[in-house]
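1. heads up, no residue letters with this:
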DNA sequence: CCAAGTGATGGCACTGTGTGTCATAAGGAG
DNA sequence: CTCCTTATGACACACAGTGCCATCACTTGG
């Protein structure tokens, strides 16, 4: 299976992250990334469909992982609980391998283009959750709404967890988010 | 058509929507849009920062409108209620002038690039809500979470309203969404 | 009535993204 | 050693987006 120089994709990802960190996403061309990786511009686009994707490689695994986690929850469990359990489990596993994900986060946060793409990635997770809920028997409309809400909770919990820097577990962050939302909805939301 | 005809921006928006509807977003170049509007490619970019924005012109008014609506709610009202009231009011006004917004929705739905940009527009609304809540005294973390949740509710309610095709009011759609969420959170969410 | 000023536009050149096509080099299978 | 597969290089091209300057229309002051 050995090629010219193995690990071309890894070299491209590494070179991209380094250059983005140093000069900013907008000031780095695909040509420069490819050159640092010992490849040509044309080859870059054989590994990644566009310049943004080099920072999101592997993210296509998240939606199916979440979907199967949702489907793995016991059938009787209420939709929202099923999704929250699934996201807690997936998120915890995800939280374990965040090596160097710190600089990556910073690069994304600094670029409007990358933040835009990141939202698309989360939207894919939302769609996967919705489909999984429908397959569990939830009606499509409720499934879509709960999927969006759960994704919001997931994102928020993850950001919370990142900021707390390992002092709290991811599950605790999810619980805190859910508690806040439950409180907001039960207290007097729309009690006109 | 003389060089100085007024309404250049309107002509560009109209030409773009027509061409996108007919040939699809990806198969239409900026040059063709500009030509149909009686302008040159260069002038298109004087009115819109990029090709996607021609379909989102005016959307920059939404975040400040939502923000002021949130700030206009009586100070004692709970954060979530304040945001929901504000969004109901703004959404109702928004729902009144949806002339031809139908084809626009279809064009956006058909293009991944446009859907991606649309999410950015909603993210701007979320940010505006968050900031407004913070100015109302809500702590920043809760404000961010509720802003995201409220935006989800807003989007979902709007889609519901669009599908119902005028048979229900926008306010009713928001109420239905809130009822669903409250039910999901109160029933037994995370009652481990 | 004319000259200067102002603002929108056209024209042009240029960088950068993304893609199609073909040639080539490297490795493995027979 | 030859054939075949596959990653890669090389080249051409369309299109997005931008900077710069000329030009044209309309306005204002003299």
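-> Structure's in. What do you need? Bear in mind that the values here come from a model prediction, so they are computed numbers and not experimental data.

2. only C-alpha atoms for contact and neighbour calcs from this point on.
-> Will do.

3. pretty sure residue A:154 is touching residue A:176, no?
-> No. The pair residue A:154 / residue A:176 is not scored as a contact, 11.2 Å apart, by C-alpha atoms under 8 Å.

4. give me the more crowded residue out of those two.
-> When neighbours are counted by other C-alpha atoms under 10 Å in any protein chain shown, residue A:154 and residue A:176 differ, and residue A:154 comes out ahead with 23 against 15.

5. using the three-state scheme, assign residue A:167.
-> With DSSP: H, G, I helix; E, B strand; the rest coil as the basis, residue A:167 sits in coil.

6. to clarify, my last question referred to residue A:68.
-> Per three-state DSSP, residue A:68 ends up helix.

7. check contacts around it.
-> residue A:132 (C-alpha atoms under 8 Å, 6 or more residues apart in numbering or on different chains).

8. per-residue confidence at it?
-> Note for residue A:68: predicted pLDDT of 98.

9. repeat for residue A:167
-> 89.

10. what of residue A:163?
-> pLDDT at residue A:163 comes out at 89.

11. roughly how far apart are it and DNA strand C?
-> According to C-alpha to the nearest atom of the strand, to the nearest Å, residue A:163 stands 31 Å off from DNA strand C.

12. what is the burial count for that residue?
-> 11.

13. need the contact list for it.
-> Going by C-alpha under 8 Å, 6+ apart, the list of residues near residue A:163 is empty.

14. in terms of helices and strands, where is it?
-> Take DSSP states H and E as the rule and residue A:163 turns out to sit in helix A:140-164.

15. can you give me the buried ones in the helix or strand following that helix?
-> Going down the chain from helix A:140-164, the next helix or strand is helix A:170-187, by DSSP H and E. Residues A:170, A:171, A:173, A:174, A:175, A:177, A:178, A:181, A:182, A:184, A:185 are the ones in helix A:170-187 that count as buried (16 or more other C-alpha atoms under 10 Å in any protein chain shown).

16. ok, now which ones touch the first one?
-> With contacts defined as C-alpha under 8 Å, 6+ apart, the neighbours of residue A:170 are A:88, A:91, A:92, A:95, A:157, A:158, A:161.

17. mind running it again at 6 Å?
-> Shown in contact with residue A:170 (C-alpha atoms under 6 Å, 6 or more residues apart in numbering or on different chains): A:92, A:161.
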